[in-house]
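In: pasting the structure only:
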Ligand SMILES: O=c1ccn([C@@H]2O[C@H](COP(=O)(O)OP(=O)(O)O[C@H]3O[C@H](CO)[C@@H](O)[C@H](O)[C@H]3O)[C@@H](O)[C@H]2O)c(=O)[nH]1
Ligand SMILES: O=C(O)[C@H](O)COP(=O)(O)O
C-alpha cells in the first residue's frame, strides 16, 4: 500500500468496534437513520435480515424499508411480516421509467426514505450478526468528516452445507474489484470490501453522487466519494462474518463486467462504455455464445432532480 493509504487505514479502520446501540442513539443528536434493503426475489432470506435490524427500530433506527426490485416471489409479504415497510421500485419517482438493476433501486430508495443517515444491507444475507447496523453507524455518528462507512468481514464460500472455512467468498471482489482499484485508483487499495452491500453514508453525500444502475453501484460510490471528498471521508468497520446466497460463476461474470465498466468510466477518460458480455455455454456438444447486457448508464445525483426548476 502507498504511504498515504497505510496512514488512512490506521486512522479510519475499526477492527474491533464496540459501540453499543444505546451509546450511538445518544450520539444521534437529532439526526435520523434509515435502514434500506434492496431485494429481488429474496423470500428465503429477507425476513431474517429485517429481523436483525428490527429491534433497533424506534431508537437507533427511525425507518426500516425494503425496496422491492420487481420480485415475483413472496419477498414483499415476508419483509412486511418481519416488520419492514415495503416500497415497490416503481412507486418511487413514478415519472421516471424503471431500469433494471441494483443501483437503480438504491437510487430510488433515497427518494423513498428521509433519514439523514442511510444504512444499506443486502437482503440475501444469512445468520446476520446483531451489530451490523450499529457498527456501520459508529464512525458516522462519532467521527467528524466521515461520510461513507464500508463493512468488512470474513467471507465464507458455502457451496455445500458442510463448508466450514471462513474464506473463499467474495470472488468478484478479489478477482475484479480489488485488482482494478490497485491498477487505476491505488489510493483505495486499503478498502477491504469495496463491493460489500453493507455500508452507511450521509444522505447529503448519497444525494450528491451519481448511481451506476447495476452492480457497479458500490464501486462507483466509493470512487466518487474518494474523488469528491478525499480518503478521510471513508471509513471501514469489521462486522465479523458475512454469509450470503452465492450466485453462479456465470452470473458473477456479468457482475464483474458491470463493476469493471463503472471503474473504467470513472478512471479512464474517454472510456466509451462496455459492450454486452459474451459468455460461452456448452449445449449438446457445442459452445454457444450468450450475450449478457452490461448496465452502463449512471443515474444522476438525486440532488439534481430535486433542484428547483429541474
Ligand atoms: O436487480 C437487482 C439485483 C440485486 N438486488 C439485490 O441486491 C442485493 C445484492 O445482490 P446479489 O445478487 O446478492 O449480489 P452479490 O452477488 O452478492 O454481489 C456483491 O457485489 C455486488 C457488486 O458490487 C454488490 O452490489 C452486492 O451488494 C454484493 O453483495 C440482494 O439483496 C439482491 O436482492 C436488487 O435489489 N435488484
Ligand atoms: O462480492 C463478491 O465478490 C460477490 O458477491 C461474489 O461473492 P461470492 O464469491 O461470495 O459468491
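Out: Looks like it arrived, so ask away. Because the structure is a prediction, the values reported are computed rather than measured. Residues are numbered from 1 along each chain as shown. Ligands and ions are numbered 1, 2, ... in the order given.

In: CA only for contacts and neighbour counts going forward, please
Out: Noted.

In: what does the model give the closest residue to residue 173 other than its chain neighbours for pLDDT?
Out: Closest residue to residue 173 apart from its sequence neighbours, by C-alpha to C-alpha, 6 or more residues apart in numbering: residue 195 at 6.2 Å. We have a pLDDT of 98 for residue 195.

In: same thing with residue 309?
Out: 66.

In: give the contact list for the residue nearest to residue 173.
Out: 173, 177, 218-219 (C-alpha atoms under 8 Å, 6 or more residues apart in numbering).

In: Contacts only, for residue 66.
Out: Counted by C-alpha under 8 Å, 6+ apart, residue 66 has contacts 36-39, 76, 79, 84-87.

In: Check those one by one and keep those near ligand 1.
Out: 38-39 (C-alpha under 6 Å from any ligand atom).

In: Which two of the contacts of residue 66 have the greatest separation?
Out: 36 and 76 (13.6 Å; C-alpha to C-alpha).

In: Doesn't the residue nearest to residue 173 belong to a strand?
Out: No: assignment of residue 195 by DSSP: H, G, I helix; E, B strand; the rest coil gives coil, placing it outside any strand.

In: Need phi/psi at it.
Out: Main-chain dihedrals, residue 195, degrees, to the nearest 10: phi -100, psi -10.

In: SS state for residue 206?
Out: helix.

In: number of nearby residues for it?
Out: If you count neighbours by other C-alpha atoms under 10 Å, residue 206 ends up with 23.

In: How about the contacts made by it?
Out: With C-alpha under 8 Å, 6+ apart, residue 206 has these contacts: 110, 301-302.

In: Nearest to residue 119, out of these: which one, please.
Out: residue 110 (10.9 Å).

In: you'd agree that closest one is up against residue 207?
Out: Yes: assessed by C-alpha atoms under 8 Å, residue 110 is found in contact with residue 207 at 7.4 Å.

In: who touches both of those two?
Out: Residues within reach of residue 110 and of residue 207 at once, by C-alpha under 8 Å, 6+ apart, are residue 302.

In: quick revisit: what is the nearest of the contacts of residue 206 to ligand 2?
Out: Ligand 2 lies nearest to residue 110 out of the contacts of residue 206, by C-alpha to the nearest ligand atom, at 22.7 Å.

In: any idea whether the closest one is helix, strand or coil?
Out: helix.

In: What about it, how many residues nearby?
Out: The burial count for residue 110: 18, using other C-alpha under 10 Å.

In: Does residue 240 lie in a helix or a strand, and which?
Out: Element membership for residue 240 (DSSP states H and E) is strand 234-241.

In: Correction: the previous question concerned residue 305.
Out: With DSSP H and E as criterion, residue 305 is part of helix 302-306.

In: Return the distance of that helix from the chain's centre.
Out: 21 Å (C-alpha atoms, centre = their mean, to the nearest Å).

In: Stretch 151-162 too?
Out: That offset, for stretch 151-162, works out to 17 Å (C-alpha atoms, centre = their mean).

In: And ligand 1, is it touching that?
Out: No: Stretch 151-162 stays clear of ligand 1 (C-alpha under 6 Å from any ligand atom), getting no nearer than 10.6 Å.

In: Enumerate the positions of that stretch that are buried.
Out: 151-158 (16 or more other C-alpha atoms under 10 Å).

In: Let me have these in a markdown table, adding pLDDT as columns.
Out: Below are the buried residues of stretch 151-162 laid out as a markdown table (pLDDT from 0 to 100):
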| residue | pLDDT |
| --- | --- |
| 151 | 98 |
| 152 | 96 |
| 153 | 92 |
| 154 | 89 |
| 155 | 85 |
| 156 | 86 |
| 157 | 86 |
| 158 | 81 |
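
In: Show me what from the protein comes close to ligand 2.
Out: Checking the chain against ligand 2 by C-alpha under 6 Å from any ligand atom, the hits are 157, 169-173, 195-196, 246-247.

In: of all those residues, which comes closest to residue 56?
Out: Using C-alpha to C-alpha, those come closest to residue 56 at residue 196, 21.8 Å.

In: residues in contact with the longest helix along the chain?
Out: In the chain, ranked by residue count with DSSP state H as the criterion, the top helix is helix 249-267. With contacts defined as C-alpha under 8 Å, 6+ apart, helix 249-267 is touched by 172, 176-177, 180-181, 184-185, 212, 214-217, 219-220, 223-224, 271-274, 277, 279, 292-296.
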